[in-house]
Structures are given as C-alpha cells and as structure tokens.
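A.B. asks: here is my input; please provide its structure:
(one chain, ligands or ions: 1)
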Amino acid sequence: MITRLTFDQISTAVHDAYEACKDIKGGQNAHYIPYLANINPSLFGISLCLPDGRLISVGDTDYRFGIESVSKVHTAILALEQHGAQAILDDIGADATGLPFNSIFAILLENDRPSTPLVNAGAIAACSLVEPHGDADGKWKAIFDNMAALLGSEPVLIDELYHSESATNFDNRSITWLLQEYGRIYDDPEMSLDLYTRQCSLGVTAEQLAISAATIADDGVNPLTKQRAFGAELTSKVVALMSAVGFYEHSGDWLYATGLPAKTGVGGAVIGVMPGLFGVCAFAPPLDDAGNSVKAQAALKHLMKSLNLNVFSNTHFDLVET
Ligand SMILES: NC(=O)CC[C@H](N)C(=O)O
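C.D. replies: Residues are numbered from 1 along each chain as shown. Modelled structure (predicted):
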C-alpha cells in the first residue's frame, strides 16, 4: 500500500513529539566520562532532514555535544567504503551482541570476533582498518573527512571531552589488547584506540547528525551538499548494522516497538534512518541503563507512531507537496 505524506504532516509530527516529550524526567547523564556527567541534562532537540535537504528542527538542535557511539556508524561506512562489505563481515562481523557496548564477555562469546563495528570492540577494529595503514594523521584525516562529508559540514573536536575520555577509558584499553591477542586489530593497537576515542569526542549538533542520517536514507548522497559520501550499495548494509545492534542489549525491543533503524550514543543522541524518506536525530543527555537517551527514545517513538511509519511494514510512503 502506498500512503501520501506531506512536509506539513512530518513537520507537525516532529513538533508534537517535542511537546509530548519535553517534560519527561528519568535517566542520568553518562557518569563514567567526567565531561559528559556535567552537561546540562535539560537540553533537548529534534531535527529531521528530508532527502531534498529540507530540515525540520525544534529545541536545542544547534547545541554542540559529543557524538560518542553515533560515530561508529560513520566510521563503519568509511571501513565499508575502503574494504567492501565482505571484508567487514570477515574481519569484524555484523552480529548483535545482546550485551552492553563495552562488553568483554561479548568478545569471548563470539569466539574472538568483535561482532559488529557498532559496539566498542568492533569500532576500535574498524578504526584499525581505516587506510592509510600505519599513518595516524592520515587515518584521522580520513575519519574526519568522511564524517564531514556525511554531516555536510565539519565536526569540531571537543578537547576537554577527548582528554576526559582518554584519561578514563580503561575498559576500551582492555578490549583493544584482548582483540590484539586474537589478531583482530589490524594496525597499531594504541593508535587504533586513540582514533576511536578521538572520533567519539567530536562535537556535532542534532541538525548535523540528522543530515548524516538523511545521507544514509538518501543512498549515500548528502541532501545538503549533493555530494556522494558513499556507494549506494552500502545503504542496506549500514541500515542492517544499525537495526541489529543500534541499542545494544535493547536493540530488539527498540526495533519491535518503533520499526526505526537507529543508533545511540552516550552523549545523548539517537539517529534514525527511514530509507528513502528521512534521517532524524533526537538529543537529550540523560540515559537509561543501556546508555541510550531516555527522552530521545521517547521522542522518536512518538514520531514514528504519529506518522504511522515502520521500516518493516508493507506500507510505502511517498512524500508529496500537498
Ligand atoms: N555507547 C557509547 O556512546 C560509548 C562511547 C564511549 N566513547 C565509550 O567508548 O565508552
């Protein structure tokens, strides 16, 4: 079945989701990264971007926050672009772990594979795979440029966050060296860990992330710059990765409840991709026990329900002018 959806309907749904969720309490800022613990917990914004570049934004959508694990999607795209879908499956995997994002147990259970580029282990492995091999500056440039191409504008490194996270990331250090032992780090381990920590510390706005989500929804073409950021054949791979593990141990529940392939970060952002239709980002710092933003989840759930959208339904939507 084909249903028509207008810009005004989508815009109303975004504003309604904001109003319905703005007073939701609950959750806590990420406490294990000192910088994030101190962010204003009442910040809240939603931004939605259509493939033609039109943006609908409400709330704190130009506040710059730490991208954290949402960056895993962007660098997974880079690794896919550089090495191809089969190599990423062989070298990292595409499985859900059913466990927290920093689980060492997941690495042991999965018989030494990092499972997916969208948990810490696989994201550090993805950073190790980024070309040019052995060249820290060159690799950082590739990660940064890829991010900028997806966002349509440059992110800004939040130095304080980078130092805060570098000084406290003992779990990620353990993950990196365990993977090294298993032959799953493909470049210098400390360099790979540092690249991962730095990409997590990039400052972005909800609006930028919505544009990057819309770039995925638009098969790799950035709706604002009109530049191709990645090959269209990768879209289904990226959306599959997000669907499988975007909410860590709550991924199945999330997908079942909303039908929105999405990815979270402990900075408080959630990005969602409806292929062909839009990319969206909701942002609010307080998190649930799995590290997923409480208010952002509620807002995106509200949005999907009010638009009657679900990536698994047999209803297909056409964006029309009136
Ligand atoms: N889920 C997240 O956003 C975690 C990212 C954070 N940089 C970490 O490695 O712990």
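A.B. asks: then the helix or strand bottoming out on mean pLDDT in the chain to CSV, C-alphas only?
C.D. replies: Lowest mean confidence among the helices and strands of the chain (mean pLDDT, DSSP states H and E): strand 316-320, at a mean of 83. Coordinates of each C-alpha in strand 316-320 appear next as CSV, following Å, rounded to 0.1, in the frame of the first residue of the first chain:
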residue,chain,number,x,y,z
HIS,A,316,5.3,2.6,1.4
PHE,A,317,5.3,6.3,1.8
ASP,A,318,5.5,8.9,-0.9
LEU,A,319,6.5,12.4,0.1
VAL,A,320,4.1,14.8,-1.7
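A.B. asks: so how far is D145 from the residue nearest to P132 when sequence neighbours are not counted?
C.D. replies: Spatially, and ignoring its direct neighbours in sequence, P132 is nearest to G138 (4.2 Å; Cβ to Cβ, 6 or more residues apart in numbering). Heads up, the C-betas are built off the backbone N, CA and C, glycines and all. To D145, G138 is 11 Å away according to Cβ to Cβ, to the nearest Å.
A.B. asks: equivalent analysis for Q208, please.
C.D. replies: Separation of Q208 from D145 (Cβ to Cβ): 15 Å.
A.B. asks: so for these two, which residue has more residues nearby?
C.D. replies: Taking neighbours as other Cβ atoms under 10 Å, Q208 and D145 compare with Q208 leading, 27 against 13.
A.B. asks: so what's the more buried one up against?
C.D. replies: Applying Cβ atoms under 8 Å, 6 or more residues apart in numbering to Q208 gives the contacts 151-153, 155.
A.B. asks: list the buried residues of the helix or strand S164 falls within.
C.D. replies: Per DSSP states H and E, S164 falls inside helix 159-166. Neighbour-count burial for helix 159-166 flags 161-162, 164-165 (criterion: 16 or more other Cβ atoms under 10 Å).
A.B. asks: a markdown table for those residues, including pLDDT and distance to the ligand?
C.D. replies: Formatted as a markdown table, the buried residues of helix 159-166 follow (pLDDT from 0 to 100; distance: Cβ to the nearest ligand atom, whole Å):
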| residue | pLDDT | distance to the ligand |
| --- | --- | --- |
| L161 | 97 | 9 |
| Y162 | 97 | 10 |
| S164 | 94 | 10 |
| E165 | 95 | 6 |
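A.B. asks: out of those, which comes closest to F278?
C.D. replies: Taking Cβ to Cβ as the measure, L161 is the one of the buried residues of helix 159-166 closest to F278, at 28.6 Å.
A.B. asks: ok, back up a step: may I ask which of the contacts of Q208 has the most neighbours?
C.D. replies: Comparing the contacts of Q208 by number of neighbours (other Cβ under 10 Å), L151 comes first, having 26 neighbours.
A.B. asks: how much space between that one and the ligand?
C.D. replies: Distance, L151 to the ligand, using Cβ to the nearest ligand atom, to the nearest Å: 17 Å.
A.B. asks: do the same with E68
C.D. replies: Going from E68 to the ligand by Cβ to the nearest ligand atom gives 3 Å.
A.B. asks: what do you get for A296?
C.D. replies: Distance of A296 to the ligand, computed by Cβ to the nearest ligand atom: 12 Å.
A.B. asks: could you number the chain from 474 rather than 1 from now on?
C.D. replies: Okay, using 474 as the starting number, the last item reads as A769.
A.B. asks: now do the SS call for the residue of the chain found nearest the ligand.
C.D. replies: Proximity of the chain to the ligand (Cβ to the nearest ligand atom) peaks at S542, 2.9 Å away. Under DSSP: H, G, I helix; E, B strand; the rest coil, S542 falls in the helix class.
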